[in-house]
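Q: Give me a model of this one.
(chains A and B)
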2 protein chains.
Amino acid sequence: MTQWKQIQQLEMRLLEHVDYLYDDNFPMDIRQSLAGWIESQDWDSAVNDESMASVLFTNLLSQLENVRMQEQNFLQRHNMKIIHQQLQRKYTSNTTAMARVISTCLREERRILSSVSTQEQGALEQSLQN
Amino acid sequence: MTQWKQIQQLEMRLLEHVDYLYDDNFPMDIRQSLAGWIESQDWDSAVNDESMASVLFTNLLSQLENVRMQEQNFLQRHNMKIIHQQLQRKYTSNTTAMARVISTCLREERRILSSVSTQEQGALEQSLQN
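A: As a prediction, this is how the structure comes out:
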């Protein structure tokens, strides 16, 4: 299961934290459409490696274009085009900034997920002690 | 049938013209979510009437908030929040600009739809003459 799928199963209180992670800098539509691909790339290293960040940026736009081409829904296809243009405007000359944004979002998601595991483990241990 | 529903039934070549009408100034998500409400407001008059534009702006944000509250899907709810914030940033101090954008989009849609009717009528007349 992708990290993103796990995130979507969180209770509302925690989903609100995730909600605040995403804005125009990293639209949630991309996070959802390319969940598996995004999670399999090394954004942490790309933050300090311009050529790697540049390759990841090109690949992300290409992945996005593939999704857009396959999308049947007019509105969704339009939204993919708008996001593609936004990302080009924002990151073409600063691809490490994009790597930093994505790296931070993924790390924060992991932190939220691990806080749930810790809480669940704590509750289990407490119920075993009582 | 709303104008927006008619638009969505156009062939791809014409849909591409519609695609170019929409961007961050008037996100297509709003056009779709509030299709009927948007089409029933007098945006043309609001372009030259600040107090009317201001009321329409407030009502649009309120309609959008209603849609967001009822939305069950996490991604869609998030997108509605982002759009709400974008519109507030962009138009709070210039509501007639929003009226102008919406008025223009609706007029262009009508122009596209009427060009189809004219073509269809022309083709029908030609087939009757032959």
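Q: buried sites along the strand or helix carrying A:Ala97?
A: Under the criterion of DSSP states H and E, A:Ala97 resides in helix A:95-129. Of all the residues in helix A:95-129, those buried under the rule 16 or more other Cβ atoms under 10 Å in any protein chain shown are A:95-96, A:98-106, A:109, A:112-113. Any C-beta I mention is one placed from the backbone N, CA and C, and that applies to glycine too.
Q: Give me the helices and strands touching the helix or strand of chain A with the lowest mean pLDDT, please.
A: Here the helix or strand of chain A ranked lowest by mean pLDDT, DSSP states H and E is helix A:95-129, holding a mean of 87. For helix A:95-129, the elements it packs on are helix A:3-8, helix A:12-21, helix A:35-39, helix A:43-46, helix A:50-70, helix A:74-91, judged by 3 or more Cβ pairs under 8 Å, 6 or more residues apart in numbering or on different chains; DSSP states H and E.
Q: Try it again at 10 Å.
A: Under the contact definition 3 or more Cβ pairs under 10 Å, 6 or more residues apart in numbering or on different chains; DSSP states H and E, helix A:95-129 sits against helix A:3-8, helix A:12-21, helix A:28-33, helix A:35-39, helix A:43-46, helix A:50-70, helix A:74-91.
Q: Give me whichever of the ones you listed is most buried.
A: Highest mean neighbour count among the helices and strands packed on helix A:95-129 (mean count of other Cβ atoms under 10 Å in any protein chain shown): helix A:28-33, with a mean of 21.
Q: element containing A:Leu10?
A: Assigned by DSSP H and E, A:Leu10 falls within no helix or strand.
Q: Kindly list the main-chain dihedrals of it?
A: Here is the backbone geometry of A:Leu10 (degrees, to the nearest 10): phi -70, psi 160.
Q: re the thing from before, would you turn the helices and strands packed on helix A:95-129 into CSV with mean pLDDT and distance to A:Gln119?
A: Below are the helices and strands packed on helix A:95-129 laid out as CSV (pLDDT from 0 to 100; distance: least, Cβ to Cβ, whole Å):
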stretch, mean pLDDT, distance to A:Gln119
helix A:3-8, 95, 15
helix A:12-21, 93, 10
helix A:28-33, 96, 24
helix A:35-39, 97, 23
helix A:43-46, 98, 26
helix A:50-70, 97, 33
helix A:74-91, 96, 34
